[in-house]
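Novice: next come a sequence and a model predicted from it.
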Amino acid sequence: MRILLYFLILLTPVTGYAQKTENGNEIEITRPVNEDLYITGGTITVSAPVYGDIVIGAGTIVINDTVSGDVIAGGGKITLNGYIGDDLRAIAGEAYLNGTVQGDVVLTAGTFTTSKKSLIYGNMLVGAGTATINGAIDGHLKCRGSEIKLNGEVSKDADCRGESLSINGVVRGKSILAGSQIHVGEQAEFYQDVSFWQRNPSLDFSRAMKHGEAIYDRTLQINDRKWQYLGFASILFLIWYLSAAFITILIIQYLFGKTMSRAADEAFLHTMRSMSYGFLFLIGIPVAAFVLTITVIGIPVGILLVLGYFAILVLANVITSVVVANWINRRGNFNWGTGMLALIGLFAFILIKFISLIPVFGWFILLVICALAFGGILTDIYQRRKVRSAIV
């Protein structure tokens, strides 16, 4: 029984870490960071330059200073006031962009707003309940949302589709506008052709058209309020899903990198032993929990055991992916860092997902891989505890 509990004990810091994130602990970066930064918390403020990438997850995120690389962020509320030297990838309930992004922006949010002083040198792909774009975009714009307001300037093509569109800005490339209602404001300017659809085909572009012409295009029709961009929404969900998986993989690798590396070795060198421990864990914990809940005294422990077990099952593919990434790293002697291991882990995660889609055999293969990974971790923990006990 003890060895079955070791794995739950191992993952307790992960659960606690996530809990601390939700409890609102405040973290502020006040000194320059000369490498990639991976950080989670309740409220995180970056007030010093980061000379690398940032991978960040928190309830509230504020970036006030320069980030020389990419920003990958997930949070309840994100405010970006500084300079981003590469791409921005973000998922948020609310997101505000007040600074400059040198690369592309891919973002999904409930509410997204860019200020007048914001500048995006690359392309912007946005899905939001409400999107208000007041700044400048040097590349292409593709936006989907319930309510879209374009008050800024787009240097290249713009493709905006939603329930309600309000255009009071400048588009220098071609435009595609589709919505139940489209409002073209007095300050709107279009410098190339505009293809549009709204329920009422009469829409006056005469003052806004500087060059080209406005063309009513029925093929852009939105048939109902569910809209016809589910493919786009699916892409945004996929981005969100993979981003969440990547951040989780990154945290596990950062906190337990050495354990995962040793577990990979155990799974490779002692395959049958690791698999046995893994299957024992997968089958033994539910049985142990059931036995405990039979007695009144054991009910609280049994409930905690079940909750911990299900938490691990939810993370099973992620944990297995981290072990697989470390196995590849050890076998190939690549000496990858945390970021690269997390990226390889993400690819392993995607591959494992595809394997699980294979009828019948896919789930069997998945069970064996997970058993190997869990067994490798359990074996490593057990062996290290034996060594410590012998020393004592």
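Specialist: On my side now, so go ahead.
Novice: switch to C-alpha atoms for all contacts and neighbour counts from now on
Specialist: OK.
Novice: so how far is residue 318 from the closest residue to residue 85 other than its chain neighbours?
Specialist: With CA to CA, 6 or more residues apart in numbering as the criterion, residue 85 has its nearest non-adjacent residue at 4.3 Å, and that residue is residue 68. Going from residue 68 to residue 318 by CA to CA, to the nearest Å gives 29 Å.
Novice: ok so, going back, wait, doesn't the residue nearest to residue 85 sit right on residue 86?
Specialist: Yes: at 6.8 Å, residue 68 and residue 86 qualify as touching, with contact defined as CA atoms under 8 Å.
Novice: identify the single longest helix in this protein, thanks.
Specialist: If you go by DSSP state H, the chain has its longest helix at helix 230-269.
Novice: which elements pack onto it?
Specialist: Helix 230-269 is packed against strand 54-63, helix 271-294, helix 316-332, helix 338-356, helix 361-391, with contacts defined by 3 or more CA pairs under 8 Å, 6 or more residues apart in numbering; DSSP states H and E.
Novice: okay but residue 285 is in contact with residue 305, surely?
Specialist: Yes: if you go by CA under 8 Å, residue 285 and residue 305 touch, sitting 7.4 Å apart.
Novice: what is the least confident helix or strand in this protein?
Specialist: Least confident helix or strand, the chain: helix 2-22 with a mean of 36, by mean pLDDT, DSSP states H and E.
Novice: where does the chain dip in pLDDT?
Specialist: Across the chain, the ranges flagged by pLDDT under 70 are 1-25, 41, 223-238, 240, 295-298, 387-392.
Novice: domains of it?
Specialist: 25-231, 256-391 (automatic domain parsing).
Novice: dump those to TSV, plus mean neighbour count.
Specialist: TSV is the format used below for the domains of the chain (neighbours: other CA atoms under 10 Å):
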stretch	mean neighbour count
domain 25-231	20
domain 256-391	18
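Novice: reformat these as TSV; add distance to residue 243.
Specialist: As requested, those are arranged in TSV below (distance: least, CA to CA, whole Å):
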stretch	distance to residue 243
domain 25-231	8
domain 256-391	9
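Novice: which among the ones you listed is found nearest to residue 244?
Specialist: The minimum distance between residue 244 and those falls on domain 25-231, with 7.9 Å, by CA to CA.
Novice: residues contacting the nearest residue to residue 279 once chain neighbours are set aside?
Specialist: Spatial nearest neighbour of residue 279, excluding adjacent residues (CA to CA, 6+ apart): residue 371 at 5.5 Å. By CA atoms under 8 Å, 6 or more residues apart in numbering, the residues touching residue 371 are 274, 275, 276, 277, 278, 279, 282.
Novice: ok, residue 273 next?
Specialist: For residue 273, the contacting residues are residue 375, by CA under 8 Å, 6+ apart.
Novice: what about it, distance to residue 328?
Specialist: Using CA to CA, residue 273 is found at 20 Å from residue 328.
Novice: try residue 156
Specialist: 43 Å.
Novice: can you check residue 386 too?
Specialist: 27 Å.
Novice: and residue 88, by the same measure?
Specialist: Noted for residue 88: a distance of 29 Å to residue 328, by CA to CA.
Novice: wait, doesn't residue 214 sit right on residue 205?
Specialist: Yes: contact criterion CA under 8 Å: residue 214 and residue 205 qualify, at 6.7 Å.
Novice: state the distance from residue 46 to residue 30.
Specialist: Distance of residue 46 to residue 30, given as CA to CA: 7 Å.
Novice: equivalent analysis for residue 277, please.
Specialist: For residue 277, the distance to residue 30 (CA to CA) stands at 46 Å.
Novice: for residue 189, list the residues it contacts.
Specialist: 168, 169, 170, 171, 172, 208, 209, 210.
Novice: let's have those in TSV, adding distance to residue 151 and secondary structure.
Specialist: Shown next, in TSV, are the contacts of residue 189 (distance: CA to CA, whole Å; DSSP: H, G, I helix; E, B strand; the rest coil):
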residue	distance to residue 151	secondary structure
168	5	coil
169	4	coil
170	7	strand
171	10	strand
172	13	coil
208	13	coil
209	16	strand
210	17	coil
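Novice: closest one to residue 193 out of those, please.
Specialist: Sorting these by how near they are to residue 193, with CA to CA, puts residue 209 at the top with 8.4 Å.
Novice: skipping its backbone neighbours, what lies nearest that closest one in space?
Specialist: Distances taken as CA to CA, 6+ apart place residue 190 nearest to residue 209, at 5.0 Å, with adjacent residues excluded.
Novice: was I right about the one you found contacting residue 214?
Specialist: No: using CA under 8 Å, residue 190 is not in contact with residue 214, being 9.2 Å away.
Novice: residue 196 reaches residue 180, doesn't it?
Specialist: No: counting by CA under 8 Å, residue 196 does not reach residue 180; the two are 10.8 Å apart.
Novice: most centrally placed residue in this structure?
Specialist: residue 243 (2.0 Å; CA atoms, centre = their mean).
Novice: quick one: it from residue 123, how far?
Specialist: From residue 243 over to residue 123 (counting by CA to CA), the distance is 19 Å.
Novice: what segments of the stretch 101-250 of the chain are strands?
Specialist: Using DSSP state E, counting those that start in this stretch, the strands of the stretch 101-250 of the chain run over 105-114, 119-120, 124-133, 136-137, 141-150, 153-154, 158-167, 170-171, 175-184, 189-190, 194-197, 214-216.
Novice: would a markdown table of these with distance to residue 379 be doable?
Specialist: Output for these, formatted as a markdown table (distance: least, CA to CA, whole Å):
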| stretch | distance to residue 379 |
| --- | --- |
| strand 105-114 | 41 |
| strand 119-120 | 50 |
| strand 124-133 | 45 |
| strand 136-137 | 54 |
| strand 141-150 | 49 |
| strand 153-154 | 57 |
| strand 158-167 | 54 |
| strand 170-171 | 61 |
| strand 175-184 | 58 |
| strand 189-190 | 66 |
| strand 194-197 | 63 |
| strand 214-216 | 67 |
